[in-house]
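Trainee: Any chance you can model this:
(chains A and B)
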Number of protein chains: 2
Amino acid sequence: MIGPMNVHALPTPALVIDADVLDHNLAAMAAARPGRALRPHVKAHKCTALAALQQAHGHDAFTCATPREVLGMAAAGLGDDLLLANEVLDPTRLAALATAQDTALITVAVDSPETIDAAAAAGLRHVLVDVNVGLPRCGCMPDEAGRIADLARRRGLIVRGVMGYEGHLMAMPDREQQRAKVAESVDRLLAAHALVGGDIVSAGGTGTYHLHDRVSEVQAGSYALMDTYYARMGTPFEQACFVIGTVVSATAQYAVADVGLKAMGMDHGNPAVETLDGQGADVWFLSDEHVTFVPHTGVAAVGDRVRVVPAHIDPTMAMHETAWLVRGGEVLERWPIDLRGW
Amino acid sequence: MIGPMNVHALPTPALVIDADVLDHNLAAMAAARPGRALRPHVKAHKCTALAALQQAHGHDAFTCATPREVLGMAAAGLGDDLLLANEVLDPTRLAALATAQDTALITVAVDSPETIDAAAAAGLRHVLVDVNVGLPRCGCMPDEAGRIADLARRRGLIVRGVMGYEGHLMAMPDREQQRAKVAESVDRLLAAHALVGGDIVSAGGTGTYHLHDRVSEVQAGSYALMDTYYARMGTPFEQACFVIGTVVSATAQYAVADVGLKAMGMDHGNPAVETLDGQGADVWFLSDEHVTFVPHTGVAAVGDRVRVVPAHIDPTMAMHETAWLVRGGEVLERWPIDLRGW
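Mentor: Residues are numbered from 1 along each chain as shown, chains lettered A, B, ... in the order given. Now for the predicted structure:
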């Protein structure tokens, strides 16, 4: 806790999280997928303080994308069941994960003989077989999953089950088509699971969490803070995270605020800009430290504050050191974004 | 200096800088614009170790984009003449800059009564009038520059001159058109300078440094490390910076390396991917921690290393904690990227 401070006393760019909206999002997901039915993905926020709130909402198993996320979660006492849902070959980082097994249950994804060798050589104990369910990224083919599991078991590893992320289906506009495609991806994952065994069948994300009645858990992350990409999908989750900026230069034609592309993940395109009274703006472009925009309500003045809404929450969080938890105009807490890097 | 280490012992993603290519770039620019004729922009690398090399090449005045860049440069003993080429209103950060004036010459850009008030109230002593030369971002109109300078002088500030960044002209494919447009932007800047006075007329960047015979200094930054965006311009500068990745998953159709969009600025589009023998690849897409690609030479194997070439160097540097200086296969030094954040 910090002393009473108004959100507009924060130096900008300031990444703020609305405590009430965050709580709404966490409660809505916990109602839909309680306890272990959700394995929240910490890559979307990289913040152990936020993960602790997810745990308070009933989820004590987490998904991670990097060794540092796993190690940070273990160090924060959030290591009941940590899945590194990613392939790692680096012996130094895998050895660090193996050491952390003294205080945390750590499971790493494998999809090849090489990743199995690396995990076993480092002294890791638990793996999950990563299965390609249609997204051209990591994961073995479903019909190879049994061979991968057998190989892992021969190396002395405990195979806890399968995972398969249908990232290519997260934002399909046609809901019926999405439902059918997700069913196909789950068919592939269950075919692999039949060959692999184990208790875990892990899949899904914020765009498909409601379509998964045949898996043991969903790996959603973005639902907690949201972004304009997922907002288009009409989920029950609301925008909880903004970067507050200050207008540092203004003309009659446009205004410039101090939230640039070093403060905003750009892979999903430009963020949205809102004035504090909730009005939108036309965003012209972002530079390293600036956004040039035109408020729908007309001109802005130097010193005005604006909210910049990320198009993609995950990389945006990774660009900031600090998140400020706010309620109304008051800053409640300073949260270090402490799981950055690799 | 660190002990002998092969670059391929580095954990990935690893941001590496080729020492020889860097030296080539710094020497080429120092030959074209020696000493104070160049004010290197540190926003492009955010690394005091690299700035110290630029100083060793004769440039002891620097351009910065954030208060933290200025403070970090001052703390590193590189404060002979630091220009914050950006408008800042935050009183806390401006006060920190004012304190740093004990050991550094600090000049901040102003373009409005409000930014002048903020600088004067904080106790800053030197300003530069930022002039709009055509890019719709910060900067007053040329015919307003005299009024801004007068206002600053009435507040007791020393007005050192003018700056005007023609960012919209950096990458024009038609060289003659670029030359003509840059001449127009310099006309605007010199018109403002006639109203403002002072010794400094600061403009330009890596895409236009060769077109500036009427200004006192150029603010180029990207030339030191380069990226695929500026490489298209056919400058004498070569690609000095790569992110090395490891292939963590591979099929007969594509491969996946561990360099994702959290390790790579995406605002200029996808990076390029090269295998270690210099062959290119078709890049399909980047996810948070992965790039999916197809090498032109055919399949890749798990464990292979690749070079990922940034499309935009500035935000890429800001995503990494460490740069590794390498020569051939040997790691020479570990450089903290110590000017990140605001």
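Trainee: need the residues of the stretch 1-150 of chain A near chain B, please.
Mentor: A:11-13, A:43, A:65-66, A:86-90, A:92-93, A:111-112, A:114-115, A:130, A:132, A:136-139, A:141 (CB under 8 Å from any CB of the partner chain). Quick note: C-beta positions are derived from backbone N, CA and C, even for glycine.
Trainee: ChimeraX command for the buried members of those residues?
Mentor: Selection of buried members from the residues of the stretch 1-150 of chain A next to chain B for ChimeraX, criterion 16 or more other CB atoms under 10 Å in any protein chain shown:
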select /A:11,12,13,43,65,66,86,87,88,89,90,93,111,112,114,115,130,132,136,137,138,139
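Trainee: Please compute how far the longest helix that chain A contains lies from its chain's middle.
Mentor: Looking across chain A with DSSP state H, the single longest helix is helix A:175-196. Centre-to-centre, helix A:175-196 and its host chain are 22 Å apart (CA atoms, centre = their mean, to the nearest Å).
Trainee: try stretch A:52-69
Mentor: 10 Å.
Trainee: cool, stretch A:28-47 as well?
Mentor: 10 Å.
Trainee: Just the CA trace of it, in CSV.
Mentor: These are the backbone C-alpha positions of stretch A:28-47, laid out as CSV (Å, rounded to 0.1, in the frame of the first residue of the first chain):
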residue,chain,number,x,y,z
ALA,A,28,-16.4,-13.7,-14.1
MET,A,29,-13.8,-16.2,-15.2
ALA,A,30,-13.7,-17.9,-11.8
ALA,A,31,-17.5,-18.4,-12.1
ALA,A,32,-17.1,-19.9,-15.6
ARG,A,33,-14.0,-22.0,-14.9
PRO,A,34,-13.5,-22.4,-11.2
GLY,A,35,-10.3,-23.6,-9.5
ARG,A,36,-8.2,-25.9,-11.5
ALA,A,37,-10.5,-25.7,-14.5
LEU,A,38,-8.5,-22.5,-15.3
ARG,A,39,-4.7,-22.4,-15.4
PRO,A,40,-4.2,-18.6,-15.8
HIS,A,41,-1.5,-17.6,-18.2
VAL,A,42,0.9,-15.2,-16.5
LYS,A,43,2.5,-14.1,-19.8
ALA,A,44,-0.4,-11.7,-20.3
HIS,A,45,0.5,-9.7,-17.2
LYS,A,46,4.0,-10.8,-16.0
CYS,A,47,3.1,-9.6,-12.5
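Trainee: residues of the longest helix of chain A that come out buried?
Mentor: Buried, per 16+ other CB under 10 Å, within helix A:175-196: A:178, A:181-182, A:185-186, A:188-193, A:195-196.
Trainee: Equivalent analysis for stretch A:263-279, please.
Mentor: Neighbour-count burial for stretch A:263-279 [16+ other CB under 10 Å]: A:Ala263, A:Met264, A:Gly265, A:Met266, A:Asp267, A:His268, A:Asn270, A:Pro271, A:Ala272, A:Val273, A:Glu274, A:Thr275.
Trainee: check contacts around the residue lying closest to A:Arg68 once chain neighbours are set aside.
Mentor: Nearest residue to A:Arg68, sequence neighbours excluded (CB to CB, 6 or more residues apart in numbering or on different chains): A:Gly341, at 5.2 Å. For A:Gly341, the contact set (CB atoms under 8 Å, 6 or more residues apart in numbering or on different chains) comprises A:Thr66, A:Arg68, B:Glu321.
Trainee: so A:Gly341 sits in a helix?
Mentor: No. Judged by DSSP: H, G, I helix; E, B strand; the rest coil, A:Gly341 forms no part of a helix; its state is coil.
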